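[1] Just a sequence and a predicted model for now, questions to come.
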Amino acid sequence: MKEKNQNFFFELELEEDQSIKFAFWADARSTAAFEYFGDVISFDTTYNINRYNLVCGSFVGVNRHGQSTLLRCSLMKNEEIELFKWLFQCWLRFMGENAPKGFLTDQCASMKRALEACMPTTIHRNWNDFLLNFGLVDNKWLSGSVGLKSAAEV
């Protein structure tokens, strides 16, 4: 991709056996989208559901039309704090040290600690707290789109 598009960005680290330890990438379109819609972003990971048993992470913003906009993607070997730190530091390098104002995540403790270490001025909230604080727990679209607990479960 880098040969086809000079504005494509990626970082990659491989294990000794050439398997992926972590990867981070973004194209020019997602970079421009972050500049417009990256004040508050959502970061979510899916764990070991792909055939390579890698954690897939997506950074998502919301555009002026209320539509989700993919900003960045990542693959990681696991969800340890050191890999999240690498990922968030990579984000900062790529964005010229500009951290988003807010970050919405799941309840992953290692992700929270990595965010606090790498982006101390960014406001971090997990989705369940956000929905509780704004009375949105029973919003079917929000709870269904991010797989959250219902009000009775929270």
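    Done, it's in.
[2] what about the nearest residue to Phe9 once chain neighbours are set aside, how many neighbours?
    Leaving aside its sequence neighbours, Phe9 sits nearest to Ala26 (C-beta to C-beta, 6 or more residues apart in numbering; 5.0 Å). In this view, the C-beta of every residue, glycine as well, is placed from N, C-alpha and C. A count of nearby residues for Ala26, using other C-beta atoms under 10 Å, gives 23.
[3] cool, Phe22 as well?
    23.
[4] how near is it to Thr121?
    24 Å (C-beta to C-beta, to the nearest Å).
[5] residue ranges with poor pLDDT in the chain?
    Applying pLDDT under 70 to the chain flags residues 38, 47-50, 127-137, 139-154.
[6] quick one on the thing from earlier: surely the residue nearest to Phe9 is in contact with Cys73?
    Yes - assessed by C-beta atoms under 8 Å, Ala26 is found in contact with Cys73 at 7.4 Å.
[7] Mind giving me the packing neighbours of the longest helix along the chain?
    Longest helix in the chain by number of residues (criterion: DSSP state H): helix 81-94. Secondary-structure packing of helix 81-94 (3 or more C-beta pairs under 8 Å, 6 or more residues apart in numbering; DSSP states H and E): strand 9-14, strand 20-26, strand 68-76, helix 109-118.
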